[in-house]
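**Student:** Below: sequence and its predicted model.
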Amino acid sequence: MAVTEPAPAAPPAAHEGILRRQSLRESAARTYARSLPIVPVRARGLTIEGADGRRYLDCLSGAGTLALGHNHPVVLEAIKKVLDSGAPLHVLDLATPVKDAFTTELFATLPGELAADARIQFCGPAGTDAVEAALKLVRTATGREGLLAFTGAYHGMTAGALDASGGATDVRVTRLPFPHDYRCPFGIGGERGAELAARWTEHLLDDPKGGVPSPAGMILEPVQGEGGVIPAPDEWMRRMRALTAARSIPLIADEVQTGVARTGTFWAVEHSGVVPDVLVLSKAIGGSLPLAVIVYRSELDAWQPGAHAGTFRGNQLAMAAGAATLAFVRENGLADRAATLGARMLGQLQGLSVAHPSMGDVRGRGLMIGVELVDLDAPATDAAAPPPAPALAAAVQQECLRRGLIVELGGRHSSVVRLLPPLTLTDEQATAVLDRFADALAAAERTAPRPDSGQSY
């Protein structure tokens, strides 16, 4: 599929009919379909073709699921091989050659210290179930109930995962400050802001009047994705590892979105050299199909049989696709490629921000990139950064779509434009993505309404 092929002038009636029936039949909980009213019918790599004949560059990638893009040949071949073999597609948690191959490939990518003494639990096929499994595991292993989590976190949509996420209230979770250079909770940013966040965490845990009994675990994201693409500083990560280890608190790293080379190392914890006690994995490990696991130190394996189960935890097609994806990423050095190309794209976006001050902050790691849009005309506040501009971000997303570019929004106020292209992104495609984004931003700045006014930016 060509990168720059023009779109037809108007969508056919079938396209509109499908969208209309979706609106009438599906629940009000649908999300992507509201901001991305497209009907995908074919896809390959970075490109999606809609029922209206238009072609789009997909920088959402299934919310980070499609490490190799859509319908990569090695993934399709792995799935076809299982289908043609006559192997059972549903096996609960029985051992199979397909599962054995997947587990072997996955362990080959893990940090050596963890792989040497690890256990794996296959969970229900969504990342949120793996988060639930991780929380249950550390509570079982430690005999404690409390949990340490961070502001801005997102760990899934089931009850326990939501408890650990940033919007939760009235739960058994102690909320700790996540370091944020651009919107530092201490108003300082940089290394000093991260140091204060770490110091506050350590003080709270050691304060006999702090109201925090020894918790069952600490869960964190090496890069907060839904929270606004906020990379955790490496030194802060090492501090979290040191203070949890010193207090016998299991450290859980949620790598559902950051895993499989997305940030420029195979697992994002490798940037800091941290080895967690539990890794939560999903999305890209299934090679575009549903799969979720936790990998953890054997000393935590205190479960009884059936303590965490799920009918569809033996997804043979996903394991085959996942093993093929993991091997392709490893053999072709896609982590290094993501680091190099991601740094180049970040640099180009930072250069673009000179002409567009509404790009308040450009941040990310590897091919996990965020652009926070801000309202420069809002009344001045005491905050170091201008207020977020969610209306402008929504306008940019729609202008991107008009230009055949799919992006997602995130952050506390949905003011961060997120880019999650596949790891197979070419230099030509990266240029096309950034060109379309730049055009969309310029158009949105001219036309997007300002908050509480009828004026444009």
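**Tutor:** Sure thing, it's come through.

**Student:** number of nearby residues for residue 413?
**Tutor:** 15 (other C-beta atoms under 10 Å). To be clear about C-beta, it is placed using only N, CA and C from the backbone, and glycine gets the same treatment.

**Student:** what residues are up against the residue lying closest to it once chain neighbours are set aside?
**Tutor:** Excluding the flanking residues, the one nearest residue 413 by C-beta to C-beta, 6 or more residues apart in numbering is residue 388, at 4.2 Å. Contact analysis of residue 388 by C-beta atoms under 8 Å, 6 or more residues apart in numbering lists 360, 372-375, 411-413, 415.

**Student:** go on, residue 174?
**Tutor:** When contacts are counted by C-beta under 8 Å, 6+ apart, residue 174 touches 146-149, 204, 212, 215.

**Student:** Okay, and the beta partners of it?
**Tutor:** residue 148 (DSSP bridges).

**Student:** coming back round to it: filter the contacts of residue 388 down to just the ones in strands.
**Tutor:** Under the assignment DSSP state E, those contribute 360, 372-373 to strands.

**Student:** Highest neighbour count among the residues you listed?
**Tutor:** Using other C-beta under 10 Å as the neighbour test, those are led by residue 373, with 32 neighbours.

**Student:** Flag the shaky bits of the stretch 301-450 of the chain, pLDDT-wise.
**Tutor:** The model of the stretch 301-450 of the chain has pLDDT under 70 over residues 380-382, 448-450.

**Student:** Please report how far the closest residue to residue 81 other than its chain neighbours lies from residue 260.
**Tutor:** Nearest non-adjacent residue to residue 81, counting by C-beta to C-beta, 6+ apart: residue 320, 6.8 Å away. From residue 320 across to residue 260, the span is 16 Å (C-beta to C-beta, to the nearest Å).

**Student:** now swap in residue 134 and tell me
**Tutor:** As judged by C-beta to C-beta, residue 134 and residue 260 stand 18 Å apart.

**Student:** Same question for residue 200.
**Tutor:** Counting by C-beta to C-beta - residue 200 and residue 260 are separated by 32 Å.

**Student:** quick one, which of the two is more surrounded?
**Tutor:** residue 260 (31 against 14).

**Student:** what sits against residue 200?
**Tutor:** 176-177.

**Student:** Model confidence for it, exactly?
**Tutor:** Looking at residue 200, its pLDDT is 93.

**Student:** Let me know the secondary structure of it.
**Tutor:** Three-state call for residue 200 (DSSP: H, G, I helix; E, B strand; the rest coil): helix.

**Student:** Same question for residue 43.
**Tutor:** From three-state DSSP, the assignment for residue 43 is strand.

**Student:** What is the burial count for it?
**Tutor:** Neighbours around residue 43, by other C-beta under 10 Å: 18.

**Student:** on that earlier part again, output the contacts of residue 388 as CSV; include the columns distance to residue 33.
**Tutor:** What follows is the contacts of residue 388, written out as CSV (distance: C-beta to C-beta, whole Å):
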residue, distance to residue 33
360, 29
372, 25
373, 23
374, 28
375, 28
411, 21
412, 23
413, 21
415, 21
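
**Student:** which regions of the stretch 101-250 of the chain sit below the pLDDT cut-off?
**Tutor:** Under the criterion pLDDT under 70, the flagged ranges of the stretch 101-250 of the chain are 169-171.

**Student:** Show me where it has its helices.
**Tutor:** 112-115, 127-142, 159-163, 190-206, 234-246 (DSSP state H, counting those that start in this stretch).

**Student:** Let me know the angle separating the longest one from helix 234-246.
**Tutor:** Taking axes from the mean of the first three to the mean of the last three C-alpha atoms, to 10 degrees, helix 190-206 and helix 234-246 form an angle of 10 degrees between their directions.

**Student:** can you pull the buried residues of helix 190-206?
**Tutor:** 193-198, 201-202, 205 (16 or more other C-beta atoms under 10 Å).

**Student:** Okay, helices next: where are they in the stretch 301-450 of the chain?
**Tutor:** Secondary structure of the stretch 301-450 of the chain by DSSP H, counting those that start in this stretch: the helices cover 316-331, 334-355, 390-402, 427-447.

**Student:** Nearest to residue 125, out of those?
**Tutor:** Nearest to residue 125 among the helices of the stretch 301-450 of the chain is helix 316-331; the distance by C-beta to C-beta comes to 7.1 Å.

**Student:** from the contacts of residue 174, which single one is nearest residue 273?
**Tutor:** Checking the contacts of residue 174 against residue 273 by C-beta to C-beta gives residue 148 as the nearest, at 20.8 Å.

**Student:** Just want the most central residue of the protein.
**Tutor:** With distances taken as C-alpha atoms, centre = their mean, residue 257 lies nearest the centre of the chain, 3.0 Å away.
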